[in-house]
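Participant: The following comprises the amino acid sequence and a computationally predicted model.
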Number of protein chains: 2
Amino acid sequence: MSKPPARIRLADAAFALFDERGYEQTTIDDIAERAGVGRTTFFRHFRSKEAVIFPDHDRLLELIRDRLATSSHRTALVAVSDAVRLVLMHYIEEGDLARRRYALTSRVSALRDREIASVARYQRLFREFIAEWMGDPTEAASLRAEIMAAAVVAAHNHVLRRWLRGESADPVAEVDEAMSEVLSLFPAPAGEDTGRGGTTVVAFRTGQDLDTLLPALRRLVEGGAEASAGTAGRRPGAS
Amino acid sequence: MSKPPARIRLADAAFALFDERGYEQTTIDDIAERAGVGRTTFFRHFRSKEAVIFPDHDRLLELIRDRLATSSHRTALVAVSDAVRLVLMHYIEEGDLARRRYALTSRVSALRDREIASVARYQRLFREFIAEWMGDPTEAASLRAEIMAAAVVAAHNHVLRRWLRGESADPVAEVDEAMSEVLSLFPAPAGEDTGRGGTTVVAFRTGQDLDTLLPALRRLVEGGAEASAGTAGRRPGAS
DNA sequence: GGTGCAACGGTACTCAGTACCAGCAGGCTG
DNA sequence: CAGCCTGCTGGTACTGAGTACCGTTGCACC
């Protein structure tokens, strides 16, 4: 009966004590004592009290960075929505541990804040990747990259939280659905993923009927990418 | 020459010292001493060391809650994109103070994390408002609310940061633009803000030309909201 | 003057996190 | 075997944030 390594014992002890007495009511001394190690050893394995319950976000962040760097997707958004699956997978592999952590972060605001800060780092990575990928330094492109990254992360979090609450039996399928929902929000620029000669229809609402606006539609299609992109940002329904 | 109230003196002293020595290198004792008050008084005015430099998010959150509760906009997203302006306005009114805070949060990760956590609270409020407003408890609606809230906040933050960096002369106009960009991503359900009899065109990409898909388009338009909503999530370009 | 009250200062405490030092087991070399 | 290096460990002492409590001061109002 050889004892498991100190790191494992500390994590187990921490989770157990947090469950028993709550997070704030548990001191590092308590954790170290139950794990049968000295206080110093705790800080040798974990940077802080909060770090005990969180996964290694830095490593995961690096994993994602690599995945993005070597990705060969058609658009930045597809690459990112693919990479975000890594995060979901990581949590799923943790299984019950992830759920216990969720129960804690739901109750303790300090932990919730920390979780949110971690998520923000993923979002930032995505934003930078998208912006770089687009290679378009304009303001509009930068804003678009920001919104895209936020949408991907929000969709991921939504699915993840559903799974953590036990509301989802198949989170992988759900995240696929959620990602295509996000992708559908951001139609790819014309002539990019489809070959030339296709048709791009831009979404809008209008009080006119289809026949009335058909000529304008034809003009847009024939005008190519620039013309259709030019109207994408406006909202004809409001005029 | 009557001294300004202790709260102001403390905040001034804190900002000055943070600039001089850096955030971590400044202790509460330092701040209290420079402000000419006792250490106890510091904690009587601010809950923590971080709280000195942050605005009163709780109050602002309440302001926004009220604004949302009394808003009479056509869609939840419009109401939210309107309410988020309050946040921007608040920062703008702070003027130079907001910029000094930004310089600090950019350097000190603990402060950045705290800022992010605050922003997440706004986002959560927006998400809950949108979800409630939609009154649609389905999974798809819930996901949509989450993404909408994230997009609004991302767009706001983008404009705000530009202004904080001195890259924007007219942030109010910019946030208006950014919000209509967000609104254009989420077309309103049919028959809601436009009267009946209008036409809804759903965005998609296809390899076919306009004439080929025109019949299908007519069927969609005549089929009404359900039919068009049914195709909104798919991506014909991928099939 | 007395009373209530709000803000203040001081002391003492807990606890997270850091720095430093000393011990100890195992492997490797001479 | 002795010497030595290395990785892991425990202990002690310190700094600094945050809390609890208590006594004091200043001020308005009666």
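Facilitator: Thanks, I have it. Numbering: from 1, shown residues only, chains lettered A, B, ... in the order given.
Participant: May I ask which helix or strand encompasses the residue nearest the centre of chain A?
Facilitator: Nearest to the mean C-alpha position of chain A, by C-alpha atoms, centre = their mean, lies A:Val153 at 2.8 Å. Assigned by DSSP states H and E, A:Val153 belongs to helix A:139-164.
Participant: Give me the neighbour count for A:Tyr91.
Facilitator: 19 (other C-beta atoms under 10 Å in any protein chain shown). From N, CA and C alone the C-beta is placed, and that goes for glycine too.
Participant: how near is the closest residue to it other than its chain neighbours to DNA strand C?
Facilitator: Leaving aside its chain neighbours, A:Tyr91 sits nearest to A:Ala98 (4.6 Å; criterion: C-beta to C-beta, 6 or more residues apart in numbering or on different chains). Between A:Ala98 and DNA strand C the distance is 22 Å, computed by C-beta to the nearest atom of the strand, to the nearest Å.
Participant: one step back: which positions in the helix holding A:Val153 come out as buried?
Facilitator: For helix A:139-164, burial by neighbour count (16 or more other C-beta atoms under 10 Å in any protein chain shown) applies to A:139, A:142-160, A:162-164.
Participant: Toward the C-terminus, what is the element adjacent to that helix?
Facilitator: Helix A:139-164 is succeeded, C-terminally, by helix A:171-185 (DSSP H and E).
Participant: what does that next one contact?
Facilitator: A:77-78, A:81, A:84-85, A:88-89, A:92, A:148, A:151-152, A:155-156, A:158-160, A:162-163, A:168, B:140, B:143-144, B:147, B:185-186, B:203, B:232-235 (C-beta atoms under 8 Å, 6 or more residues apart in numbering or on different chains).
Participant: cutoff 6 Å now
Facilitator: A:81, A:88, A:151-152, A:155, A:159, A:163, A:168, B:143, B:185, B:233, B:235 (C-beta atoms under 6 Å, 6 or more residues apart in numbering or on different chains).
Participant: Export only the CA atoms of it, formatted as PDB.
Facilitator: This file holds the C-alpha atoms of helix A:171-185, laid out as PDB (Å, rounded to 0.1, in the frame of the first residue of the first chain):
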ATOM      1  CA  PRO A 171     -21.700  17.500 -25.300                       C
ATOM      2  CA  VAL A 172     -19.500  16.800 -28.300                       C
ATOM      3  CA  ALA A 173     -22.400  16.700 -30.600                       C
ATOM      4  CA  GLU A 174     -23.800  19.800 -28.900                       C
ATOM      5  CA  VAL A 175     -20.700  21.800 -29.300                       C
ATOM      6  CA  ASP A 176     -20.600  20.900 -33.000                       C
ATOM      7  CA  GLU A 177     -24.100  22.200 -33.300                       C
ATOM      8  CA  ALA A 178     -23.300  25.300 -31.300                       C
ATOM      9  CA  MET A 179     -20.200  26.000 -33.500                       C
ATOM     10  CA  SER A 180     -22.200  25.800 -36.700                       C
ATOM     11  CA  GLU A 181     -24.600  28.200 -35.200                       C
ATOM     12  CA  VAL A 182     -21.800  30.600 -34.600                       C
ATOM     13  CA  LEU A 183     -20.400  30.000 -38.100                       C
ATOM     14  CA  SER A 184     -23.700  30.700 -39.600                       C
ATOM     15  CA  LEU A 185     -23.600  34.200 -38.000                       C
END
